[in-house]
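Asker: this is a predicted model, with the sequence first.
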Amino acid sequence: AVLKTEFLGQKYENPFMNASGVHCLTVNELDELKRSKAGAFITKSATTLERAGNPEPRYYATALGSINSMGLPNKGFQYYLDYVVDYQKNDSDGKAPFFSVAGMSRDENINILKIIQRSDFQGVTELNLSCPNVPGKPQVGYDFQMTEQILTQVFEFFRKPLGVKLPPYFDFAHFDIVANILNKFPLAYVNCVNSVGNGLYVDAASESVVIKPKNGFGGIGGDYIKPTALANVRAFYTRLNPTIKVIGTGGIASGQDAFEHLLCGATMLQVGTALYEEGISVFERLEKELKEVMTQKGYKTIEEFRGQLRTL
Ligand SMILES: C=Cc1c(C(=O)O)[nH]c(=O)[nH]c1=O
């Protein structure tokens, strides 16, 4: 079995990459991703200026996943733009780096995207419409009008490959409304899903929350969210123009989880909690396990089963 994946005209050894925010804050972490078995990588969502993020503790892992309220800590977008432009000049061997943008306002997003459009960056840009953890900043993806307004403004000038990172939706009406909006734009892809926003993990022993920001409310990741992630991958895969690809994110901790996302229609696969907990070696394990699942089922390539989820 081979995991070769083509995405936006680029060939990747395998579909695995990090989820933005995990193992991608610093040059050192990005270099580790670059050298790892991951097929591609994405930078931490960036704002114009450097941000310290929320007070700690702001991440906590459990047997079933994680809760985080990092608060968009990042080195500022120029730091990451310098990295990816240097990478594509010197290292990339064709692997297009992904660049994540999460401005604190519509104007900030537009300004950053205008600079990216004018820059030498030739990779893929991911507009994060779903950060749940900046106090006072609602998840844009849940404001359908705002989402349409931002994309209308962006596509007036942005001509490079652009995807959007979406929050999870939980209602067929919302799948339909959002898909109808997204189908109006020349998007390269949608990334489903960001963490399930504003969950609450309670530690019964200490009778306390486990993270400091927002009285313990934070984005949920890991095993907890795989059914929601798969539902969103499938809902958008079946509703969007086939030219708009789907990246699957949420609950990928094994080759089987990866297989399920691919079966629902995903092309690239992003790994968050499992990467945070296991470290960079998770990519080697996931590749081995996905190949095993495919071999057991008699599949040689991912194309043979991508999107072929059966119904009863
Ligand atoms: C970019 C901010 C995000 C954050 C964060 O920096 O708190 N956490 C998430 O789970 N998803 C995000 O999109």
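Answerer: Cool, got the structure.

Asker: what about stretch 161-178 and the ligand, touching?
Answerer: No - judged by C-beta under 6 Å from any ligand atom, stretch 161-178 and the ligand are separated, with a smallest distance of 6.6 Å. In this view, the C-beta of every residue, glycine as well, is placed from N, C-alpha and C.

Asker: that stretch: end-to-end distance?
Answerer: With C-alpha to C-alpha, to the nearest Å as the measure, stretch 161-178 spans 20 Å from end to end.

Asker: equivalent analysis for stretch 215-235, please.
Answerer: Start and end residues of stretch 215-235 are separated by 33 Å (C-alpha to C-alpha).

Asker: which of the residues in that stretch are buried?
Answerer: 216-226, 228-235 (16 or more other C-beta atoms under 10 Å).

Asker: among those residues, which are within reach of the ligand?
Answerer: Applying C-beta under 6 Å from any ligand atom to the buried residues of stretch 215-235, those adjacent to the ligand are Gly219.

Asker: now, which of the buried residues of stretch 215-235 lie within strands?
Answerer: If you go by DSSP state E, the buried residues of stretch 215-235 have Phe217, Gly218, Gly219, Ile220, Gly221 in strands.

Asker: quickly list what the fourth one is bridged to.
Answerer: For Ile220, the residues forming beta bridges with it (DSSP bridges) are Ile67, Val196.

Asker: show the pLDDT at it.
Answerer: Per-residue pLDDT puts Ile220 at 98.

Asker: my read: it touches Asn194, true?
Answerer: No - judged on C-beta atoms under 8 Å, Ile220 makes no contact with Asn194 at a distance of 10.3 Å.

Asker: got a list of what Leu166 touches?
Answerer: Leu129, Ser130, Gly141, Val178, Val190, Asn191, Cys192, Val193, Asn194, Asn232, Phe236 (C-beta atoms under 8 Å, 6 or more residues apart in numbering).

Asker: direction included, what does whichever helix or strand the fifth one is part of pair against?
Answerer: Using DSSP states H and E, the secondary-structure element containing Val190 is strand 189-192. Looking at strand 189-192 with DSSP bridges, its paired strands and their directions are strand 162-166 (parallel), strand 245-249 (parallel).

Asker: which of these has the highest mean neighbour count?
Answerer: When the strands paired with strand 189-192 are scored by mean count of other C-beta atoms under 10 Å, the highest mean neighbour count falls to strand 245-249 (a mean of 27).

Asker: which outside residues touch it?
Answerer: The contact list for strand 245-249 (C-beta under 8 Å, 6+ apart) reads 7-8, 19, 163, 165, 188-194, 229-230, 233, 236-237, 240, 261-262, 264-272.

Asker: narrow those residues to those in helices?
Answerer: Among these, the members falling in helices (DSSP state H) are Ala229, Leu230, Val233, Phe236, Tyr237, His261, Leu262.

Asker: chain center to whatever helix or strand Asn28 lives in, what's the gap?
Answerer: Using DSSP H and E, Asn28 maps to helix 27-35. With C-alpha atoms, centre = their mean, to the nearest Å as the basis, helix 27-35 stands 17 Å off its chain's centre.

Asker: which residues of the chain lie near the ligand?
Answerer: 21, 45, 68-72, 102, 128, 130-131, 133, 194-195, 219.

Asker: so which of those residues belong to strands?
Answerer: Of these, the ones assigned to strands by DSSP E are Asn68, Asn128, Gly219.

Asker: isn't Val140 right next to Leu151, touching?
Answerer: No - counting by C-beta under 8 Å, Val140 does not reach Leu151; the two are 10.2 Å apart.

Asker: could you work out the end-to-end span of stretch 18-36 for me?
Answerer: Stretch 18-36 has its terminal residues 11 Å apart, counting by C-alpha to C-alpha.

Asker: list the contacts of that stretch.
Answerer: 17, 38, 41-45, 68, 70, 73-75, 83, 87, 91, 98, 100, 126, 128, 165, 249, 270-273, 275-276, 279-280, 283-284.

Asker: between the ones in strands among the residues of the chain next to the ligand, which is closest to Phe170?
Answerer: Phe170 lies nearest to Gly219 out of these, by C-beta to C-beta, at 14.9 Å.

Asker: the closest one touches Leu72, doesn't it?
Answerer: No - counting by C-beta under 8 Å, Leu72 is not a contact partner of Gly219; they are 11.4 Å apart.

Asker: between those two, which contacts overlap?
Answerer: Here Gly219 and Leu72 share the contacting residues Asn133, scored by C-beta under 8 Å, 6+ apart.

Asker: who's the closest spatial neighbour of Leu269, skipping the chain neighbours?
Answerer: Pro15 (4.7 Å; C-beta to C-beta, 6 or more residues apart in numbering).
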